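Visitor: Pasted the sequence and its predicted model underneath.
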There are 2 protein chains.
Amino acid sequence: MFKKILLAHDGSNGADGALEKAAGLCKLTGAELVVLTVYRHHSILEASISMVRGHGEESGNLDDAMRSAAREVGNHAKALAGMLGVPKVQAFIKGGPSARTIVAFARQNGCDLIVVGSRGVGASEGYMLGSVSHKVTSISEIPVLVV
Amino acid sequence: MFKKILLAHDGSNGADGALEKAAGLCKLTGAELVVLTVYRHHSILEASISMVRGHGEESGNLDDAMRSAAREVGNHAKALAGMLGVPKVQAFIKGGPSARTIVAFARQNGCDLIVVGSRGVGASEGYMLGSVSHKVTSISEIPVLVV
């Protein structure tokens, strides 16, 4: 019933729980697993401040550091999925706003289920400001499993 | 991986889509299906106005009508689940606030997954006012599949 499952992993414990469920569903359905870790680009505002202040080089380093941290998270998730017995798993990183990037990636890659942890790294923002899982369920056209 | 799946069905087309996914998961995992239809009690405010106006009998009839409509929705969902090949399915109705009633029922009945449509009957209220599916994912301690 599912052929390609997208797991959004942000490095939080909640995302590890979501990974376990996604892995279980992959084994049951024979679906392949796609792990996506989204990182934030250095914002345009921050970049323009940096230009005025002449800190362009540091901004570049910050972007590199975020990409590299995202890659580590993705590799961890991929290894965990392998240990859980998922036969086919790929990991990707992508820069952008979390929820929109997750939903767009799922659409572009023909995924038929998104699995996401209910409490991610930014959970302290709380429900009123809208968590990533809430935004994903709001804008996704395919089913979303919130773990 | 799932033993008892709660499907919240409000009679909307979205809930029928959720039912299909829930049925598929039941067949894959061997889980039993519990269908819950929540109806609104005549509110205390409305009841007190009715008492002043002497419309107490009509309020009783309204409650009866809502219970009866909920029972019909539950029976429709149960029949559909049977047609989809779910071996064990039960249907319940319950009065109260939708999301809290769904989550409490799942807890009390030992369910390990809640399946809910993303757009229910009250969808015209929009995201800002908070849909039932958003509230369920916010307060549930078990995984929620939003279809």
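Guide: Received the coordinates, thanks.
Visitor: Tell me the residues of chain A that contact chain B?
Guide: Residues of chain A lying near chain B by CB under 8 Å from any CB of the partner chain: A:1, A:21, A:24-25, A:28-29, A:118, A:127, A:133-134, A:137-138, A:140, A:143-147. C-beta here means a position set from N, CA and C on the backbone, and glycine is covered the same way.
Visitor: phi, psi of A:K94?
Guide: Per-residue torsions, A:K94: phi -150, psi 140 (degrees, to the nearest 10).
Visitor: beta partners for it?
Guide: Note on A:K94: beta-bridge partners A:V38, judged by DSSP bridges.
Visitor: these two touch, right, it and A:F105?
Guide: Yes. Look at A:K94 against A:F105 with CB atoms under 8 Å: they come within range, at 6.0 Å.
Visitor: which residues do the two both contact?
Guide: A:L36 (CB atoms under 8 Å, 6 or more residues apart in numbering or on different chains).
Visitor: related to what we said a few turns ago, return the subset of the residues of chain A next to chain B lying in strands.
Guide: A:144-146 (DSSP state E).
Visitor: okay, the residues you listed in a markdown table with pLDDT next?
Guide: Putting those into a markdown table (pLDDT from 0 to 100) gives the following:
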| residue | pLDDT |
| --- | --- |
| A:V144 | 97 |
| A:L145 | 97 |
| A:V146 | 95 |
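Visitor: As JSON lines, those with neighbour count and distance to A:L80 would be great.
Guide: As requested, those are exported to JSON lines (neighbours: other CB atoms under 10 Å in any protein chain shown; distance: CB to CB, whole Å):
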{"residue": "A:V144", "neighbour count": "28", "distance to A:L80": "21"}
{"residue": "A:L145", "neighbour count": "26", "distance to A:L80": "17"}
{"residue": "A:V146", "neighbour count": "28", "distance to A:L80": "19"}
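Visitor: ok so, going back, and A:K94 and A:F105? Which one has more around it.
Guide: A:F105 (19 against 16; other CB atoms under 10 Å in any protein chain shown).
Visitor: Can you tell me the closest non-neighbouring residue to the more buried one?
Guide: Leaving aside its chain neighbours, A:F105 sits nearest to A:L36 (5.4 Å; criterion: CB to CB, 6 or more residues apart in numbering or on different chains).
Visitor: Per-residue pLDDT of A:E72, please?
Guide: In this model, A:E72 is scored at 96, pLDDT.
Visitor: how much space between the closest residue in space to it that isn't next to it in sequence and B:G74?
Guide: Nearest residue to A:E72, sequence neighbours excluded (CB to CB, 6+ apart): A:G11, at 8.0 Å. Here the distance between A:G11 and B:G74 works out to 42 Å (CB to CB, to the nearest Å).
Visitor: more neighbours, these two?
Guide: B:G74 (21 against 18).
Visitor: Secondary structure element holding the more buried one?
Guide: Counting by DSSP states H and E, the element that carries B:G74 is helix B:56-83.
Visitor: For that helix, which helices and strands make contact with it?
Guide: For helix B:56-83, the packing partners by 3 or more CB pairs under 8 Å, 6 or more residues apart in numbering or on different chains; DSSP states H and E come out as helix B:13-29, strand B:32-39, helix B:44-53, strand B:89-95.
Visitor: returning to that earlier point: verify the contact between the residue nearest to A:F105 and A:F92 for me.
Guide: Yes. Between A:L36 and A:F92 there is a contact under CB under 8 Å: 5.2 Å.
Visitor: Give the residues shared as contacts by these two.
Guide: Contacts common to A:L36 and A:F92, judged by CB under 8 Å, 6+ apart, are A:74, A:105.
Visitor: ok, those two, which is more surrounded?
Guide: Relative neighbour count places A:L36 above the other of A:L36 and A:F92, with 26 against 16, counting by other CB under 10 Å.
Visitor: got a list of what the more buried one touches?
Guide: A:L36 is in contact with A:6-9, A:74, A:91-94, A:101-102, A:105, counting by CB under 8 Å, 6+ apart.
Visitor: Please repeat the previous calculation with a cut-off of 7 Å.
Guide: Neighbour list for A:L36: A:6, A:8, A:92, A:94, A:102, A:105 [criterion: CB atoms under 7 Å, 6 or more residues apart in numbering or on different chains].
Visitor: what number of residues lie near the second one?
Guide: Put plainly, it is A:A8. As a burial measure, A:A8 scores 30 neighbours (other CB under 10 Å).
Visitor: For it, list each beta-bridge partner.
Guide: Beta-bridge pairing for A:A8 (DSSP bridges): A:L36, A:V116.
Visitor: follow-up on the earlier one: to which secondary structure element is the residue nearest to A:E72 assigned?
Guide: Applying DSSP H and E, one finds A:G11 in no helix or strand.
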